[in-house]
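> turn this into a model:
(one chain, ligands or ions: 1)
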Amino acid sequence: MHNVFYQRGAWVAAGRLHSELVTAVLSAPVSWFDQNPIGRAINRFGNDIRSLDAVLVSWLRQSADNALRFFLRLASIASIMPIFALPAAIICSIGFVIGEMYTRAQVSIKRLTAVNYSPVFTHFTDTLAGMTVIRARQGMETVFQELLADKLVAHTQASEAQYNCNRWVSVRSDLCAASIAAAAGCVAYFKSGPPGLVGFSLTNAIGLSQTILVLVRTLNELEVELNSFERVREYTQIEPEESVAEQEKSRTKSVPAGWPTSGCVEFQHVTARYHDDGPDVLKDVSFTAKPGQRIAIVGRTGSGKSTLGLSLLRFTDIVSGRVVIDGIDITEIPLHRLRTSISLIPQEPVLFSGDIRSNLDPFGQLDETDLQTALSACTAIEVPKSDDSTDDSHTHSLSLNTPVASNGENFSQGQRQVLGLARAISRRTKVVLLDEATASVDHRTDEHIQQLVRSQFPDSTIIAIAHRLRTIIDYDCVIVMGNGQILEYVYLFLSVLLWN
Ligand SMILES: Nc1ncnc2c1ncn2[C@@H]1O[C@H](COP(=O)(O)OP(=O)(O)OP(=O)(O)O)[C@@H](O)[C@H]1O
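Next comes the predicted model:
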């Protein structure tokens, strides 16, 4: 019964820590992901959680059991041969000092092992991501294998040190155990008493030496495993993207149910950056997108176009100025509400494994008819199949039940784009953000997609980050960005004249 309650308690605690870890990582700001390699997070979710689930609990329990056994044995010997308490205390102290030295070394070594494990994971995920490039270039495979070997060597060295450390403590604790047994033997020999009691004391003394050995090791292992607990707890305390104070502030401010009703977007002297201590990426940006207006953002690479879009969704740190949508500052709107009120059609839509229905509406909030209408509108687009597409079906034959592989790998780039568009159309928000949405499709598909955007979002405000001038030919205005600032704000016919 005791075992059942203990084990259940441990599972509940580990489960709670795991949930906190998942919540903390999923609500971490984008800058956190820039600064922390993904391999490190995988390590926390893998090794450390395994330690909490299976190993830590067992060491905690064994430590408590052994500590109790140790004190009971010691008390029973000392009650029969009180003089034994003196050598036992000295040898036990030496044993605990050795244990302490071992623990300190082992904690650092374990940290080193874990730290050296993360680069192996990171290298592995990077290699998988760049597999096509690695295979395409001669010699790259060898370079990557050598890099992996270097990382494995660092990790193996740390693991070897961990093993050696275990051997070191074993030899010393065996020595302490033997000394205790010898001390008990001497005491029994010189201070002879009733043979039964002496025999009882000697048996306990030999058992005591074993108990010390096990106690020191379990306490040390416990301390070492607690390292995993600390590492997980450190991650559970990541500052969330929307702080508690901000959540409170947005909760107290009531946002009208239908917000945004018209889709008027105003950037008022916005200066934004990605990190607290990073440079300003947007500098004093001001413009207004009136309801239903279509605005194109153009500019050189690195000029801040995507950052402008991300600032609208509060992915950046707005240092000064404000972004206002339909009269409400976006910092006063709960993050989830803000992001579900703006449709983003990115260059590479993220598709999850499942089917098209679950990708268009992951939370099952929309009507079947809305989803079907959005998909039918998009599947009317003629999308040429790319060579890397493994799907034989044409876009026309896509249905809500068509299976989607992880990352949408069974679709061509054009088809993925169409699904990204269908996802946005099914929500029909008042503000639509296109981030180079058609950059990787051919000109004909691009035209179709643009037509669809025009017909499906007739009253929405559209902000499009674009590379091709043809894409935005019928837009109302063009904002030309450069070095994080607005260089020009012009009506399109003027810009076409200027650029030609
Ligand atoms: N996650 C990030 N962390 C820190 N700095 C970033 C981050 N993303 C972009 N930057 C910096 O912000 C600046 C503007 O980048 P941004 O991606 O907005 O440019 P862009 O105009 O969209 O470029 P492109 O057309 O190549 O996509 C660049 O100097 C870039 O280095």
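> so for stretch 82-92, mean pLDDT?
Across stretch 82-92, the average pLDDT comes to 81.
> off-centre distance for it?
Relative to its chain's centre, stretch 82-92 lies at 52 Å (C-alpha atoms, centre = their mean, to the nearest Å).
> show me which positions of that stretch end up buried.
Neighbour-count burial for stretch 82-92, counted by 16 or more other C-beta atoms under 10 Å, picks out Phe84, Ala85, Pro87, Ala88, Ile91, Cys92. For the C-beta atoms, the positions are set from N, CA and C on the backbone; glycine is no exception.
> can you name the residue of the stretch 1-150 of the chain nearest the ligand?
In the stretch 1-150 of the chain, the residue found nearest to the ligand is Asp34; the distance is 4.9 Å by C-beta to the nearest ligand atom.
> which residues sit against stretch 322-331?
246, 249-250, 255, 259-270, 311-312, 314, 318, 333, 338, 341, 430-431 (C-beta atoms under 8 Å, 6 or more residues apart in numbering).
> what's the end-to-end length of it?
Counting by C-alpha to C-alpha, to the nearest Å, you get 8 Å between the two ends of stretch 322-331.
> and for stretch 423-437?
Rule used - C-alpha to C-alpha; the end-to-end distance of stretch 423-437 is 13 Å.
> from the ligand, how far out is Ile330?
Per C-beta to the nearest ligand atom, to the nearest Å, Ile330 is found 18 Å from the ligand.
> which residues does the spatially closest residue to that residue that is not a sequence neighbour bridge with?
Distances taken as C-beta to C-beta, 6 or more residues apart in numbering put Val323 closest to Ile330, at 4.8 Å, once the chain neighbours are dropped. Assessed by DSSP bridges, Val323 has beta-bridge partners Phe267.
> how many neighbours does Val323 have?
22 (other C-beta atoms under 10 Å).
> state whether Ser159 is indeed within a helix.
Yes: assignment of Ser159 by DSSP: H, G, I helix; E, B strand; the rest coil places it within a helix.
> and the residue nearest to it when sequence neighbours are not counted, what element?
Once flanking residues are discounted, Ser159 sits nearest to Thr113: 5.7 Å by C-beta to C-beta, 6+ apart. Using DSSP states H and E, the element containing Thr113 is helix 85-129.
> one more: Gly364?
Gly364 belongs to no helix or strand, assigned by DSSP H and E.
> Glu488 too?
strand 485-491.
> who does that strand pair up with?
Using DSSP bridges, the strands paired with strand 485-491 are strand 477-482 (antiparallel).
> show me which positions of the strand it pairs with end up buried.
For strand 477-482, burial by neighbour count (16+ other C-beta under 10 Å) applies to Cys477, Val478, Ile479, Val480, Met481.
> run through who's touching it.
Here strand 477-482 has contacts from 287, 293-300, 303-305, 308, 472, 486-492, 495, using C-beta under 8 Å, 6+ apart.
> ok, now which ones touch Thr429?
Thr429 touches Pro260, Thr340, Ser341, Ile342, Ser343, Ser460, counting by C-beta under 8 Å, 6+ apart.
> let's see 6 Å
Thr429 makes contact with Ser341, Ile342, Ser343, according to C-beta atoms under 6 Å, 6 or more residues apart in numbering.
> now do the SS call for Ala439.
coil.
> okay, now it: neighbour count?
16.
> that one contacts Ile345, doesn't it?
No: in this structure Ala439 lies outside contact range of Ile345 using C-beta atoms under 6 Å: 11.3 Å.
> could you chop this structure up by domain?
Here the chain is described, according to automatic domain parsing, as comprising the domains 2-236, 251-499.
> between these, which one is closest to Glu242.
domain 251-499 (4.4 Å; C-beta to C-beta).
> how far does the closest one sit from the chain's center?
With C-alpha atoms, centre = their mean as the basis, domain 251-499 stands 24 Å off its chain's centre.
> also stretch 195-214?
52 Å.
> can you give me the buried ones in that stretch?
For stretch 195-214, the neighbour count (16+ other C-beta under 10 Å) marks 198, 201-202, 204-214 as buried.
> with stretch 430-450 instead?
430-439, 441, 445-446, 448-450.
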